[in-house]
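[1] Below are the sequence and a predicted model for it; my questions follow.
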Amino acid sequence: MGYTVIQDADIALDATLTTAILTAVRDNTEAIVEGLGSAPSVQLAGLSASTIDGAAAALVTENLAIQPDGQSLLRPFDEYIVHSVTIHNGLTNSNTSGKSDADITAAGFTFAKGGEYTLAILQMSTVSGNDKVGAKILIDDSIILTTEKTFGVNSEFITVLNTTIAAGEELKVKMYGSTTDAGWGFSRVMVLVYSSNPFRDDVGFGQYSTYIAGTQYNGIGAHFAPLPNSSTYLQDVHVV
């Protein structure tokens, strides 16, 4: 099977509809999809639309409860992960190394394809119940979502946002918080970005920012998700 050019004369008025023409129509469709021979290529504009299925916030929460290994966050409701942003404030089991106001902003991520996306936002403090942490989602430096500050040791809080993002727009994730303790314990904010488009612009790794004892470090790491109510992750992060 290959691609056959159908001439105008073959489909002109009163032209005979032959088995060869019908076979070419059938085979050409498959040849274009599979990129065979001289078949025309599918243009990028035809692949650029990204749509979501409008999954409710409860679905992610329920999946997390059903699959406590966290795999549901890596591939929930048959969507594809596009990007991940993780922010850590302080060191695990330490209450002195974090930034006292938790004001930490990760580096920006620019979307190559416009469309609708699902953002799963996770926030958690794991050392002190006095540490309150929240997240702000910014597109081109404009805040589109601010989650409420939550607290409580080992209590993961998940928010799901369905939003439209244009090609070329920049996503930034900001942690914010407050504490009544003398120092800040360990906390994290994570945002996982999904699309139902299998041609999403996933580059295979996400962003990782951490603040430790007065210095913010920015790096990259493979997409990963935390074990629920834990500081343990499914995949390691590699700081560069």
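    Sure, I can see it.
[2] Start from the N-terminal end of the chain and give the strands.
    Here the chain has its strands, by DSSP state E, at 80-89, 104-105, 109-110, 115-125, 131-139, 142-146, 157-165, 170-179, 187-195, 206-212, 215-221.
[3] For these, give me JSON lines that also has distance to Gly2 and mean neighbour count.
    Every C-beta, even on glycine, is put in place using the N, C-alpha and C of the backbone. Written out in JSON lines, the entries for these read as follows (distance: least, CB to CB, whole Å; neighbours: other CB atoms under 10 Å):
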{"stretch": "strand 80-89", "distance to Gly2": "31", "mean neighbour count": "24"}
{"stretch": "strand 104-105", "distance to Gly2": "53", "mean neighbour count": "18"}
{"stretch": "strand 109-110", "distance to Gly2": "39", "mean neighbour count": "15"}
{"stretch": "strand 115-125", "distance to Gly2": "33", "mean neighbour count": "23"}
{"stretch": "strand 131-139", "distance to Gly2": "45", "mean neighbour count": "22"}
{"stretch": "strand 142-146", "distance to Gly2": "48", "mean neighbour count": "12"}
{"stretch": "strand 157-165", "distance to Gly2": "39", "mean neighbour count": "17"}
{"stretch": "strand 170-179", "distance to Gly2": "43", "mean neighbour count": "21"}
{"stretch": "strand 187-195", "distance to Gly2": "33", "mean neighbour count": "26"}
{"stretch": "strand 206-212", "distance to Gly2": "41", "mean neighbour count": "21"}
{"stretch": "strand 215-221", "distance to Gly2": "42", "mean neighbour count": "14"}
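[4] Quick one: closest of the ones you listed to Leu13.
    strand 115-125 (41.4 Å; CB to CB).
[5] what angle do that closest one and strand 157-165 make?
    Note on geometry: by axes from the mean of the first three to the mean of the last three CA atoms, to 10 degrees, strand 115-125 and strand 157-165 are set 160 degrees apart in direction.
[6] Let's test this: mean pLDDT of strand 115-125, rounded?
    When pLDDT is averaged over strand 115-125, the result is 83.
[7] report the angle between the axes of it and strand 131-139?
    Strand 115-125 runs at 160 degrees relative to strand 131-139, counting by the same axes, to 10 degrees.
[8] Measure how strand 115-125 sits relative to strand 170-179, angle-wise.
    If you take the same axes, to 10 degrees, strand 115-125 sits at 20 degrees to strand 170-179.
[9] Now do the buried residues in the lengthiest helix in the chain.
    Determined from DSSP state H, the single longest helix within the chain is helix 19-34. Of all the residues in helix 19-34, those buried under the rule 16 or more other CB atoms under 10 Å are 21, 24, 27-28, 31.
[10] Kindly reformat the residues you listed as TSV containing distance to Gly177 and pLDDT.
    As requested, the buried residues of helix 19-34 are arranged in TSV below (distance: CB to CB, whole Å; pLDDT from 0 to 100):
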residue	distance to Gly177	pLDDT
Ile21	68	92
Ala24	64	92
Asp27	60	91
Asn28	58	89
Ala31	56	88
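[11] quick revisit: same for the longest helix of the chain, what does it pack against?
    Applying 3 or more CB pairs under 8 Å, 6 or more residues apart in numbering; DSSP states H and E, one finds that helix 19-34 makes contact with no other helix or strand.
[12] hmm, back to that, would you turn the strands of the chain into JSON lines with distance to Ala12?
    Output for the strands of the chain, formatted as JSON lines (distance: least, CB to CB, whole Å):
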{"stretch": "strand 80-89", "distance to Ala12": "44"}
{"stretch": "strand 104-105", "distance to Ala12": "63"}
{"stretch": "strand 109-110", "distance to Ala12": "49"}
{"stretch": "strand 115-125", "distance to Ala12": "40"}
{"stretch": "strand 131-139", "distance to Ala12": "52"}
{"stretch": "strand 142-146", "distance to Ala12": "55"}
{"stretch": "strand 157-165", "distance to Ala12": "45"}
{"stretch": "strand 170-179", "distance to Ala12": "52"}
{"stretch": "strand 187-195", "distance to Ala12": "43"}
{"stretch": "strand 206-212", "distance to Ala12": "55"}
{"stretch": "strand 215-221", "distance to Ala12": "58"}
